[in-house]
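> Turn this into a structure:
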Amino acid sequence: MVATVALLAALDTKAEDAAFLAARLRANGHEVLLIDVGVLGEPGIAPDVDRDTVAERGGVALAELVARADRGAAVQAMATGAAPVVAELVGAGQVQAVLAIGGGAGTTIGSAAMLSLPLGLPKMILTTVASGQTAGYVGTSDILLFPSVVDVAGINRISALTYTRAADALSGMLSGSVDRVETSRDRPLVAASMFGVTTACVLRAKQQLERAGCEVLVFHATGTGGRTLERLVADGLVDAVLDLTTTEWADEVVGGILAAGPERLTAAGRLGVPQVVSLGATDMVNFGPPDSLPTRFADRLLYRHNAENTLMRVSVAEAAEIGAAIGERLAAATGPTTVLVPTRGVSALDAAGQPFDDPAARAALAAAVRARVPVEEHDLHINDPAFADLAAVRVLAQIEETNPMPRTSSNEPRTTENAR
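Coordinates of the predicted model:
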């Protein structure tokens, strides 16, 4: 089957650019469905989906947008309309990839059209804003931002090169998707959270779960990672959650740069997905270089993780607030939920003799969680092998309870006496 690429462009200002990309994609053997997301000028080439259709799906008549001559309102309306237009084309099997082009406005509209599309569907934005603060465009999706290098303003010796490479890269994604490797759908899929300071624990638990026949997805708890974990759970793709690293709540409560938002730790509970949760790296809040710290934290205990990342030890009061936020989310869970508390420390820095060792803060954290949801407290550090084994055993027990999986002698998990 010939693949069709949906190409979104403002055809009043980007017609030449869109035509070049469409020609290259067709030369590569694909069909192109052109969607016009422009507003103020006349389209330079005829689209397959016109701007009136997109505007109407955005809840406003195109004539009204033209009369208002408000660029910001026009971008918002076309972004709102592009999302259902593209989603319906994808859902109907009429489109197998999506490409958008432009600067800030074109990237905003293209991102809106792509953010909710299935993972794995090729999606690319050829953009002038491919560097810098791009989290808002990519979100929890697998959108590829391809730098245009020069402005998207016609064909020249540089844009011809970057446009060609962008079209060829998208063609490569389409070709590769035909022969993609499928993993076994029979294996329970477990989503896990990890940070550098909880790596030893999570990797050991992952190994144990894989030996028992599970497939494990590990998410780096950097804000985006936590949001992505929540999205996959909400999409019904995950059988169980091993959420050992809930550090994003420390940033959410205290004001760090790696917060995942107030919905963190809610998807599994809302859908009844089994979850084993711990307090990994909730002893720290993340900031950029030292000179980026808010002045109110000038006298706090800091640890320079690297040139771009400064960690701050949470206080006793902050630890209690973090624990309360975590406990409240977990108390609302409708499915199996096990909370494991390692009383000897929640990160590599929060251990005897380490910079963030603070028994009082650990106690306040645990007490706040315990006041809101039942917990298992263990006289272990989070990175102790026995704690990882314990977490793996609890996840496997939950899976067996909710969705029994076949066992053989080769996939029985190893356990330690502490994990039984």
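> Please enumerate the strands of the protein.
Counting by DSSP state E, the chain forms strands over residues 4-9, 31-36, 97-102, 123-127, 144-147, 189-194, 215-220, 240-243, 275-277, 284-287, 302-306, 309-313, 337-342, 376-378, given from the N-terminal end onward.
> on contacts alone, who are the packing partners of the second one?
Same thing as strand 31-36. Contact here means 3 or more CB pairs under 8 Å, 6 or more residues apart in numbering; DSSP states H and E; on that basis strand 31-36 packs against strand 4-9, helix 15-27, helix 51-57, helix 71-91. C-betas here are computed from N, CA, C, even on glycine.
> related to what we said a few turns ago, go through the strands of the chain and name the closest to Ala55.
Closest approach to Ala55 among those (CB to CB): strand 31-36, 10.0 Å.
> As a quick check, tell me the outermost residue of this protein.
Residue distances from the centre of the chain (CA atoms, centre = their mean) peak at Ala67, which lies 38.4 Å from the mean C-alpha position.
> circling back to that earlier point, can you tell me which of the helices and strands packed on strand 31-36 is nearest to Val98?
If you check each of the helices and strands packed on strand 31-36 against Val98 by CB to CB, strand 4-9 wins as the nearest, at 4.7 Å.
> CA atoms only: put the closest one into PDB for me.
Coordinates of the C-alpha atoms in strand 4-9 are reproduced here as PDB (Å, rounded to 0.1, in the frame of the first residue of the first chain):
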ATOM      1  CA  THR A   4       0.000   9.000   2.400                       C
ATOM      2  CA  VAL A   5       1.600  11.900   4.200                       C
ATOM      3  CA  ALA A   6      -0.600  14.700   5.600                       C
ATOM      4  CA  LEU A   7       1.300  18.000   5.000                       C
ATOM      5  CA  LEU A   8       0.100  21.000   7.100                       C
ATOM      6  CA  ALA A   9       1.200  24.400   5.900                       C
END
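> In its sheet, which strands sit next to it, and in what direction?
Taking DSSP bridges as the criterion, strand 4-9 forms sheet pairs with strand 31-36 (parallel), strand 97-102 (parallel).
> Let me know the angle separating the last one from helix 15-27.
In this case it means strand 97-102. Between strand 97-102 and helix 15-27, the angle comes out at 160 degrees (axes from the mean of the first three to the mean of the last three CA atoms, to 10 degrees).
> Any chance you could list what contacts strand 97-102?
Where contact means CB atoms under 8 Å, 6 or more residues apart in numbering, the residues beyond strand 97-102 that reach it are 3-10, 14, 17-18, 21, 25, 30, 86, 90, 106-107, 109-111, 113-114, 117, 121-128, 148, 152, 166-167, 170, 173-174.
> Could you do stretch 319-333 as well?
In contact with stretch 319-333 (CB under 8 Å, 6+ apart) are residues 246, 249-250, 252-254, 264-266, 268-270, 272, 275, 277, 279, 282-283, 314, 337, 339, 361-362, 364-373.
> And it, what's buried?
Within stretch 319-333, the residues that qualify as buried by neighbour count (16 or more other CB atoms under 10 Å) are Ala319, Ala320, Glu321, Ile322, Gly323, Ala324, Ala325, Ile326, Gly327, Arg329, Leu330, Ala333.
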